[in-house]
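here are the coordinates; sequence isn't available:
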């Protein structure tokens, strides 16, 4: 029954075909998904395929842990990533970057920074999460400094906006040294400076996720990447003062 439900979800998305091969990217960017096959990606075909020119993840609601498909390209250090994403109602996914593949923790397990994809949830869509790590580093609508002891502090706010499921939205991630910024459709969602030298990552893999929970279909297209210089300067604690008005984030879990 779950597979029938997932097939119905995919059928509902079929009117939003991604098209043929991706168009030429803007200057300085490269396509990292060819719109034809998964030759540049590594994931379980039970969950991942190319349909209508889109990188497509499908679950039937029976997942016991989150599953990822990983790009086989170089490690990401400093970069700008843009991708259009569409997910069915109730779906939950994420774009993992500067992450690590951890087969010792389970099949297709990836840990690390994640830009969440959770349509219809303004507090979570586009937030910065650390998969199997420090967890929520910044909810959507927050500017955060993670101090040297790993404590996140909310230092300012960004306007929040709700983005609907079953529609294409462009997610943008810009990472320069230890400064992380996310956008959805050019709307800023988080701004985070990570001063935690023990737990932060300055390089790692790129992957996308299907999440435990309800049956869902998620599709990605126009996946483009711009590599930035490796030697961008880290923001130091002296340059990222935490004001007295900052709100301490309660530890999770």
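Received the coordinates, thanks. This one's a predicted model, so the numbers in the text were calculated from it and none came from an experiment.

Please count neighbours and contacts with C-alpha atoms only from this point.
Noted.

Neighbouring strands - and their directions - for the top strand by length along the chain?
Criterion DSSP state E: the longest strand present in the chain is strand 216-227. Here strand 216-227 has these sheet partners by DSSP bridges: strand 30-31 (antiparallel), strand 54-59 (antiparallel), strand 79-87 (antiparallel).

Figure out which of those strands is closest to residue 216.
strand 54-59 (5.4 Å; C-alpha to C-alpha).

Give the next helix or strand downstream of that closest one.
Sequence order places strand 67-71 as the next helix or strand after strand 54-59, per DSSP states H and E.

Now residue 99: which helix or strand?
strand 93-101.

That strand packs against which elements?
Based on contacts counted as 3 or more C-alpha pairs under 8 Å, 6 or more residues apart in numbering; DSSP states H and E, the elements that strand 93-101 packs against are strand 110-117, strand 205-210.

picking up where we left off before, list the helices and strands the helix or strand just after the longest strand of the chain packs on?
Going down the chain from strand 216-227, the next helix or strand is strand 247-248, by DSSP H and E. Packing partners of strand 247-248 (3+ C-alpha pairs under 8 Å, 6+ apart): strand 152-157.

who does the strand it packs on pair up with?
Each strand paired with strand 152-157, and its direction, by DSSP bridges: strand 142-146 (antiparallel), strand 247-248 (antiparallel).

Averaged pLDDT, the first one. What do you get?
In this model, strand 142-146 has a mean pLDDT of 98.

Ok, which of the strands paired with strand 152-157 comes nearest residue 158?
Closest approach to residue 158 among those (C-alpha to C-alpha): strand 142-146, 5.6 Å.

May I see the helices and strands packed on strand 93-101 organised as CSV, with distance to residue 38 added?
As requested, the helices and strands packed on strand 93-101 are exported to CSV (distance: least, C-alpha to C-alpha, whole Å):
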stretch, distance to residue 38
strand 110-117, 18
strand 205-210, 13
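
Indicate which one of the ones you listed is closest to residue 186.
Nearest to residue 186, of all the helices and strands packed on strand 93-101, is strand 110-117, at 14.5 Å by C-alpha to C-alpha.

Can you give the strand pairings for that closest one, parallel or anti for each?
In its sheet, and by DSSP bridges, strand 110-117 pairs with strand 93-101 (antiparallel), strand 128-131 (antiparallel).

got a markdown table for the strands paired with strand 152-157, with mean neighbour count too?
Shown next, in a markdown table, are the strands paired with strand 152-157 (neighbours: other C-alpha atoms under 10 Å):
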| stretch | mean neighbour count |
| --- | --- |
| strand 142-146 | 25 |
| strand 247-248 | 14 |
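
Let me have the ones you listed in CSV, extended by distance to residue 114.
Listed next are these as CSV, based on distance: least, C-alpha to C-alpha, whole Å:
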stretch, distance to residue 114
strand 142-146, 15
strand 247-248, 21
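
With respect to residue 65, which of these lies nearest?
For these, the distance to residue 65 is smallest for strand 142-146, at 27.4 Å, taking C-alpha to C-alpha.

Give me the distance between that closest one and the centre of its chain.
17 Å (C-alpha atoms, centre = their mean, to the nearest Å).

go on, stretch 120-138?
With C-alpha atoms, centre = their mean as the basis, stretch 120-138 stands 9 Å off its chain's centre.
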